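**Q** A structural model of the following input is requested.
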Amino acid sequence: WDFVELSEEENAELQKILQEDGVSGAMRRDDEVMTRLRKALHRSFNGNVKSKISSRYHGMNDAMASAMLAKVEERKAAAAEAGGGGGSGGGGRGEEK
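**A** Residues are numbered from 1 along each chain as shown. Here you go, the predicted model:
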C-alpha cells in the first residue's frame with residue numbers, strides 16, 4: 001500500500017501497522033497513532049468536493065494528482081532506461097510495431 005496523502009513518516013507508520021495487524025486489525029485499533037493517522041487521511045479528503053474534483057480534473061493544486069503523475073514519469077523513465085520505450089506506441093494487444 002502507498003498512501004500519497006500522508007507524509008513519508010506517517011506512511012511508514014501505517015505500512016508497519018498494516019504489516020503487523022492486517023487491514024481489519026488496523027481498522028479496529030483505537031490508539032493515539034491510528035487516531036492521528038486517521039485524522040491525517042481525513043484532512044486530505046475534507047474540503048469543498050466540487051473544488052477538489054475540478055482541481056483533480058485539471059491537474060492543478062492537487063498534491064495527490066502531482067504525486068501520481070510523478071510516479072508515471074518515474075516509471076516511463078525506468079522503462080526507457082530498460083529499453084521498454086516508456087509504454088507508448090501500442091503493443092501488448094497483438095499489434096505489430
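**Q** for the protein, what are the low-confidence residue spans?
**A** 46-49, 84-97 (pLDDT under 70).
**Q** at 90 what do you get?
**A** Regions of the chain meeting the criterion pLDDT under 90 cover residues 1-8, 39-70, 82-97.
**Q** Would you map the helices across it?
**A** Listed in chain order, the helices of the chain (DSSP state H) span 8-28, 32-45, 49-58, 63-81.
**Q** Quick one: closest of the ones you listed to residue 1.
**A** Across the helices of the chain, residue 1 has its closest neighbour in helix 8-28 (6.1 Å, C-beta to C-beta). C-beta here means a position set from N, CA and C on the backbone, and glycine is covered the same way.
**Q** Pull the distance from the closest one to the chain's centre.
**A** Relative to its chain's centre, helix 8-28 lies at 15 Å (C-alpha atoms, centre = their mean, to the nearest Å).
**Q** In that helix, which residues are buried?
**A** By neighbour count with 16 or more other C-beta atoms under 10 Å, helix 8-28 contains the buried residues 10, 11, 13, 14, 17, 26.
**Q** Same check on stretch 38-51?
**A** Of the residues in stretch 38-51, those buried (16+ other C-beta under 10 Å) are residue 40.
**Q** center of the protein, which residue is that?
**A** Nearest residue to the geometric centre of the chain (C-alpha atoms, centre = their mean): residue 4, 4.0 Å.
**Q** gap between it and residue 28?
**A** Note on residue 4: its distance to residue 28, by C-beta to C-beta, to the nearest Å, is 24 Å.
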